[in-house]
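A.B. asks: Here is my input; please provide its structure:
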Amino acid sequence: MSSNVEQLTSMSIKKRLSPEASRDAALEAARSLLIEAGPQAVTLKAVAGRIGRTHANLLHHFGSASGLQKALASHLAGTVCATIAEAVHAARAGMGQPRDVVDLTFDAFDREGAGALASWMLLSGNEDALDPIIDAIHNLVVELNDFNSEDQRRTTLALVHLALGDALLGGPLTQSLELPRTAARDVAEALLIESAAKAGIFPPAAQG
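C.D. replies: Here you go, the predicted model:
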C-alpha cells in the first residue's frame, strides 16, 4: 500500500511542479541528503530518486553534479544568512541575544551541513562552488551596515572561521583539550559581545 501511495505522490509531483518549483524541490531534497548522509550522498541520481524525477531532468536544471553542489551551496547560504540577519536585528533591538547569532552560525556549518559541503567541494576541486557562500556572507555584512567597520569585518571573519573549524574538528579537539563541547561557541560569543560593545551595537540588555 505505501509503495502505491509513494508512486501516486511521485506522479502527482511530476504533473504539478513548474520548472522553478521542481528545482526548489531538488534543492530541498539535496539539503536533506546532505544533513542525513553527508555531502558524498548528494548526487544527481539520489536527488532525482528522492523527488521522483529523472537524471536527465536534474541535468537540465543543474548541468552536472558540481552544478548541483554550487546551487545547493547558494541555497544554504541564502536561507542561513537571512536567518542570521534576523537574529542580529533582533539582538540589536534588545529582543534577542548575541548567543543566538553565534548558535545559528555554528549550526549552519555543523547541523545544516555547510561545513561538510565546503570541505567536500574543496577536496573535489570544486572551489568555485564556494563562491555563493562567500558572496552571501559579504552581502550579510553589507546588509547589517557593518562593512565600513574593519572591526566588524574581522569579527565576522573570526566567527565564520570558528564555526567552520568547530564543525570539522570541534568534537575530537575539545575532547582532547578537556574543554566543554561549547568552548568554541563560548569564545565566539565573547568576541561578538566585545566587538559589538565597542561599536555600541547591542543594547546593554542584549549583552547580559
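A.B. asks: can you give me phi and psi for the residue lying closest to residue 43 once chain neighbours are set aside?
C.D. replies: Distances taken as Cβ to Cβ, 6 or more residues apart in numbering put residue 65 closest to residue 43, at 6.2 Å, once the chain neighbours are dropped. (Each C-beta comes from the backbone N, C-alpha and C, glycine too.) Backbone torsions of residue 65, given as degrees, to the nearest 10, read phi -60, psi -40.
A.B. asks: mind checking how far residue 65 is from residue 151?
C.D. replies: Distance of residue 65 to residue 151, computed by Cβ to Cβ, to the nearest Å: 40 Å.
A.B. asks: So for the two, which residue has more residues nearby?
C.D. replies: Taking other Cβ atoms under 10 Å, residue 65 and residue 151 do not tie; residue 65 has more neighbours (17 against 13).
A.B. asks: these two touch, right, that one and residue 46?
C.D. replies: No: using Cβ atoms under 8 Å, residue 65 is not in contact with residue 46, being 10.3 Å away.
A.B. asks: about what we covered before: give me the pLDDT for the residue nearest to residue 43.
C.D. replies: As predicted, residue 65 sits at a pLDDT of 83.
A.B. asks: Quickly note the distance from it to residue 75.
C.D. replies: For residue 65, the distance to residue 75 equals 15 Å [Cβ to Cβ].
A.B. asks: repeat for residue 81
C.D. replies: Taken as Cβ to Cβ, the span from residue 81 to residue 75 is 11 Å.
A.B. asks: One more: residue 142?
C.D. replies: 20 Å.
A.B. asks: same check, this time on residue 121
C.D. replies: 14 Å.
A.B. asks: Tell me which of these two has more neighbours.
C.D. replies: Using other Cβ under 10 Å as the criterion, residue 121 and residue 75 rank with residue 121 on top: 21 against 18.
A.B. asks: Now do the contacts for that one.
C.D. replies: Applying Cβ atoms under 8 Å, 6 or more residues apart in numbering to residue 121 gives the contacts 39, 66, 69, 73, 127, 129, 130.
A.B. asks: quick one: which two of those residues are the most distant?
C.D. replies: Using Cβ to Cβ, those span at most 14.4 Å, a distance reached by 39 and 127.
A.B. asks: which residues of the chain score low on pLDDT?
C.D. replies: 1-17, 202-208 (pLDDT under 70).
A.B. asks: okay, now the domains of this structure?
C.D. replies: Following automatic domain parsing, the chain resolves into domains at 1-63, 66-208.
A.B. asks: winner for burial among the ones you listed?
C.D. replies: Of all these, domain 66-208 has the most neighbours on average by mean count of other Cβ atoms under 10 Å, namely a mean of 17.
A.B. asks: what's the offset of that domain from the middle of its chain?
C.D. replies: Distance of domain 66-208 from the chain centroid (Cα atoms, centre = their mean, to the nearest Å) equals 9 Å.
A.B. asks: Ok, stretch 38-51 next?
C.D. replies: Centroid separation for stretch 38-51 versus its chain: 18 Å, with Cα atoms, centre = their mean.
A.B. asks: what's next to that stretch, contact-wise?
C.D. replies: Residues contacting stretch 38-51 (Cβ under 8 Å, 6+ apart): 10, 13, 22, 25-26, 29-30, 32-34, 53-55, 57-59, 62, 64-65, 68-69, 72, 113, 116-117, 119-121.
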